[in-house]
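**Q** just the structure for this:
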Amino acid sequence: MDEIGAFERKSAAGWERPERAVLAYRAVVIALVAGVAEMLLRAAQALEDPGVPVAGVAVALTIRAGIYLAVFALAARMLFGSLWARGILVVGLGTVGLASLVAEPVGALLAADRLSAVFTGVTPVAAILGLFRAVHVVAVLVMIPAAVQAGTTTGSTATPQVRPTAAEAGRRARLRPW
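**A** Numbers count the residues shown, from 1 in each chain. From the prediction side, this is the model:
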């Protein structure tokens, strides 16, 4: 059996994705859905205020939509075996992405003189935003180890690595899934 990136070749016609690669992809998609939902709810809240410039909200939405599309494209590449896309997602979402998600809640906790002050005056919209943020954080925390472990050949479900012959190596290069 040959392995290329996150795929294992089970037959000449088919490639099988490791469960961890699929889990990492699904976690990224869940994080994106939660992020988009939070973004749209925050935009709707901002637009309720008549003093907020619509152009500013539109620019912010465009920037975030671009980021989300780039993350989705990387996740799709990761699912199809791209090691560089997997690395970018793990490093990018695991550092900058996660830090941006937890900075606001941690700042609120640190600014409060007691824990109950953080939850005083919580509105239903704020609770929904908190739920979206929590789902987003948990999905990223699931994605990171799954993506790191995707495509490894260790563990009880791994198949032994077989060194291809010269003829198989040429065929293997033509059968790359990307």
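**Q** ok, longest helix in the chain?
**A** The helix that spans the most residues within the chain, counting by DSSP state H, is helix 19-48.
**Q** rounded to a whole number, what's the mean pLDDT of the very next helix or strand once past that one?
**A** Counting by DSSP states H and E, the element after helix 19-48 in chain order, helix or strand, is helix 54-79. If you average the pLDDT over helix 54-79, you get 94.
**Q** ok, stretch 21-34 next?
**A** Mean predicted confidence for stretch 21-34 is 95.
**Q** what's the neighbour count on Arg114?
**A** 7 (other C-beta atoms under 10 Å). (Glycine included, C-beta is placed from N, CA and C.)
**Q** quick one, phi psi at it?
**A** Main-chain torsions, Arg114, degrees, to the nearest 10: phi -150, psi 160.
**Q** could you export stretch 56-67 as CSV, keeping only the C-alpha atoms?
**A** This file holds the C-alpha atoms of stretch 56-67, laid out as CSV (Å, rounded to 0.1, in the frame of the first residue of the first chain):
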residue,chain,number,x,y,z
GLY,A,56,-17.3,50.2,7.8
VAL,A,57,-19.4,47.2,8.7
ALA,A,58,-19.3,46.1,5.0
VAL,A,59,-15.5,46.3,4.9
ALA,A,60,-15.2,44.3,8.1
LEU,A,61,-17.6,41.7,6.8
THR,A,62,-15.6,41.5,3.5
ILE,A,63,-12.3,41.0,5.3
ARG,A,64,-13.6,38.3,7.6
ALA,A,65,-15.4,36.6,4.7
GLY,A,66,-12.1,36.5,2.8
ILE,A,67,-10.3,35.0,5.8
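**Q** just the buried positions in it, please.
**A** By neighbour count on 16 or more other C-beta atoms under 10 Å, the buried set for stretch 56-67 is Val57, Arg64.
**Q** stretch 109-121 now?
**A** In stretch 109-121, counting by 16+ other C-beta under 10 Å, buried: nothing.
**Q** figure out the length between the terminal residues of it.
**A** Stretch 109-121 has an end-to-end distance of 15 Å (C-alpha to C-alpha, to the nearest Å).
**Q** just use 201 as the starting number from now, easier for me
**A** Okay, residue one is now 201; in that scheme the one you just asked about reads as stretch 309-321.
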